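Enquirer: Turn this into a model:
(one chain, ligands or ions: 2)
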Amino acid sequence: MRALTWHGTGDVRVDTVSDPEIINSRDAIIKITSTAICGSDLHLYDGVIPGVKPGDVLGHEFMGEVVETGLGSNLKKGQRVVVPFTISCGGCFHCKQQQYSACDNSNPVEKQDMSATLYGQPMSALFGYSHLTGGYSGGQAEYVRVPFSDVGPIVIPDHLDDDQVLFLSDILPTGWMGAENADIQPDDTVAVWGCGPVGLFAIQSAIVMGASKVIAIDHYPNRLALAKQLGAQTIDFRETDVREALMEMSGGIGVDAVIDAVGMESHGFAIDNMIDVVKQKVGMGFDRASALKQAILAVRFGGKVSIPGVYGGMSDKWPLGAMMEKGLQIRGGQTHVQKYTEDLLAKIEDGTLDTTFLISHRLPLEQAAEGYKNFKEQQNEWTKVILKPGMEN
Ligand SMILES: [Zn+2]
Ligand SMILES: [Zn+2]
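Expert: Ligands and ions are numbered 1, 2, ... in the order given. Got it, this is the predicted structure:
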C-alpha cells in the first residue's frame, strides 16, 4: 500500500510499504477514506520527538471503512468508522475510569522506559507517534491496523460525510476536553491562547458550554478571523498588551478561566530526547512555556487553568507563587477520546457543533509531503489539511 513515511527532519515521503495484517483477535483493518495532518505531526516533521524511525508511518487522525476484522472485534465489514488517536484496551484500571489516554496495556513494556522515567509512570500508546508511544503505524496511508477495535472506533451513520466527523479522532474532543477542564460556568469570561485547530474547537466548545465571553489570542489574522466568526473577541498579541487587555475585558479582576492551546509547539518533546539531555539542559525550555505563564498571571484569583497544548519535558521560572497564592485549579492531559466521541457525534448531528469551518486544504495522499511543508510554513492560510487516498490530483 501507499503510506506517508518519516525519513528524517523535514523529510516525509509517500512510499510503498507492506499492507497491515490482523495480528491479534481484537484487531481490525480499516481502509482510509480521510486523514488529517495535526499540529503535533509537525513535531515529528521537525525531528524533535525521540523514538521515530525511518520508514515509520505517521498519522493519528483518520477514518475509513472496515475491511477486515479479527474474531474479537465487534466491528463489521463495510462499516464507516472514526478511530481515536489514543489506543486503549478498555479493561485496565485507567480505562475503566474512562481515563483512556492513560491505558496501562496499549504501550508494550519494552517501549515504556523513557516516559516512565520522565513522568513517574509510562505513557500509553498513540497511533503514528514514535516508538515512545508504542510505535504503531499511523493512518496517513491507504490502510491501517487498529488494535482493540472493540473499544476505540465509533461507527458513523451514512448521512454524515467525512469532513463533518473526521475530527472526532483527535482535535474536536481535545478542544472539548480543554474547555471541560476549564470548568466553565455560565457568565464566565474565558481566554484561549492559540487559534490553531485545537484552540478553535476549545473556543467553540466554551461557547456551547455557556461562557458569556470568550477571548481568543493569536497573531495570524486568518486564524483570529475564524475565532471571531465563532463568536470570540480577539487579541493580536503582536499589537496589544495581552495582560492589560484581559484585565480591562474582565472588569479589572482577571478572567475566570484560561486555556493554553499553544503548548511547546516546535519544541515538543525536544528536551526529552534523552534523560541525560534533560539533566544537562533543564532551563532551556522555559521561554517556550511563555503562553502558559502569561495565562497563569492573567487568570483571576480562584480561577481555572486548562492545558490542552502539549508539553513533554520540564520548564523553569515557573510561577509557583502565583499558582499557590491565587488558589488556581490546573488541569491538563492527553485526551480521553473514547469518553467523548458519542456525545460529540450527537452534537455534530444536531448542529450544535460545526467541524468543517477550519478545513483549508484537501489533498490526495500522494501530495502529503507538500501538505506537511505548507502546514508548517504557511500557518496563516493552511489552517487544516485533509489527505484523501485515491483522490484525483
Ligand atoms: Zn492530532
Ligand atoms: Zn486500558
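Enquirer: who's in contact with the closest residue to ligand 1 within the stretch 101-250 of the chain?
Expert: The nearest approach of the stretch 101-250 of the chain to ligand 1 comes at D170, 3.7 Å away (CB to the ion). Backbone N, C-alpha and C define where each C-beta goes, glycine included. D170 makes contacts with A36, C38, H60, E61, P84, F85, T335, V337, as judged by CB atoms under 8 Å, 6 or more residues apart in numbering.
Enquirer: repeat that for 6 Å
Expert: For D170, the contacting residues are E61, F85, by CB atoms under 6 Å, 6 or more residues apart in numbering.
Enquirer: Would you list the phi and psi of it?
Expert: Per-residue torsions, D170: phi -160, psi -70 (degrees, to the nearest 10).
Enquirer: Can you report how many residues lie near S101?
Expert: 25 (other CB atoms under 10 Å).
Enquirer: so it touches V337, yeah?
Expert: No: S101 lies out of contact with V337 (CB atoms under 6 Å); the separation is 7.2 Å.
Enquirer: Next one: the residue of the stretch 101-250 of the chain closest to ligand 1 from ligand 2, what distance?
Expert: Using CB to the ion, to the nearest Å, D170 is found at 18 Å from ligand 2.
Enquirer: related to what we said a few turns ago, return every residue with contacts to both of S101 and V337.
Expert: Joint contacts of S101 and V337 (CB under 6 Å, 6+ apart) are T86.
Enquirer: Check which residues of the regular element (helix or strand) spanning R13 are buried.
Expert: Using DSSP states H and E, R13 maps to strand 11-16. Under the neighbour-count criterion of 16 or more other CB atoms under 10 Å, strand 11-16 has V12, V14 buried.
Enquirer: Tell me the strands beside the helix or strand that A257 is a member of, with direction?
Expert: Using DSSP H and E, A257 falls within strand 255-260. Taking DSSP bridges as the criterion, strand 255-260 forms sheet pairs with strand 189-193 (parallel), strand 299-307 (parallel).
Enquirer: JSON lines for these, including distance to T355, mean pLDDT and mean neighbour count?
Expert: Below are these laid out as JSON lines (distance: least, CB to CB, whole Å; pLDDT from 0 to 100; neighbours: other CB atoms under 10 Å):
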{"stretch": "strand 189-193", "distance to T355": "17", "mean pLDDT": "97", "mean neighbour count": "29"}
{"stretch": "strand 299-307", "distance to T355": "20", "mean pLDDT": "97", "mean neighbour count": "21"}
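Enquirer: Please produce TSV containing those, extended by distance to D46.
Expert: What follows is these, written out as TSV (distance: least, CB to CB, whole Å):
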stretch	distance to D46
strand 189-193	21
strand 299-307	21
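Enquirer: Let's have those in CSV, adding distance to ligand 1.
Expert: Output for these, formatted as CSV (distance: least, CB to the ion, whole Å):
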stretch, distance to ligand 1
strand 189-193, 18
strand 299-307, 16
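Enquirer: For ligand 2, see how far away F127 is.
Expert: Using CB to the ion, F127 is found at 15 Å from ligand 2.
Enquirer: I should have written V151 there, sorry.
Expert: Distance of V151 to ligand 2, given as CB to the ion: 8 Å.
Enquirer: Hmm, A191 is touching V258, no?
Expert: Yes: the pair A191 / V258 is scored as a contact, 5.0 Å apart, by CB under 6 Å.
Enquirer: May I have the phi/psi pair for T35?
Expert: According to degrees, to the nearest 10, T35 has phi -150, psi 150.
Enquirer: and the stretch 101-250 of the chain, which residues reach ligand 1?
Expert: D170 (CB under 5 Å from the ion).
Enquirer: Run through the stretch 101-250 of the chain and note the low-pLDDT ranges.
Expert: Along the stretch 101-250 of the chain, segments meeting pLDDT under 70 are nowhere present.
Enquirer: now the strands for it?
Expert: If DSSP state E, counting those that start in this stretch is used as the criterion, the strands of the stretch 101-250 of the chain fall at 125-126, 143-146, 154-155, 189-193, 213-218, 233-236.
Enquirer: As JSON lines, those strands with distance to K317 would be great.
Expert: Output for the strands of the stretch 101-250 of the chain, formatted as JSON lines (distance: least, CB to CB, whole Å):
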{"stretch": "strand 125-126", "distance to K317": "30"}
{"stretch": "strand 143-146", "distance to K317": "41"}
{"stretch": "strand 154-155", "distance to K317": "42"}
{"stretch": "strand 189-193", "distance to K317": "18"}
{"stretch": "strand 213-218", "distance to K317": "20"}
{"stretch": "strand 233-236", "distance to K317": "23"}
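Enquirer: okay, those, which one's buried deepest?
Expert: strand 189-193 (a mean of 29; mean count of other CB atoms under 10 Å).
Enquirer: how distant is that strand from the center of its chain?
Expert: 18 Å (CA atoms, centre = their mean, to the nearest Å).
Enquirer: What is the burial count for the residue in the chain that ligand 1 sits nearest to?
Expert: Of all residues in the chain, the one sitting closest to ligand 1 is C38 (2.8 Å; CB to the ion). By other CB under 10 Å, 27 other residues sit near C38.
Enquirer: got it, and the one 3 residues further on?
Expert: The burial metric for D41, expressed as a neighbour count using other CB under 10 Å, is 27.
Enquirer: before we move on, what about P50?
Expert: Count around P50 with other CB under 10 Å applied: 17.
Enquirer: what's the distance between the closest residue to D113 other than its chain neighbours and ligand 2?
Expert: Spatial nearest neighbour of D113, excluding adjacent residues (CB to CB, 6 or more residues apart in numbering): P122 at 7.7 Å. The span separating P122 from ligand 2 equals 12 Å under the rule CB to the ion.
Enquirer: Surely P122 is in contact with A116?
Expert: Yes: assessed by CB under 6 Å, P122 is found in contact with A116 at 4.2 Å.
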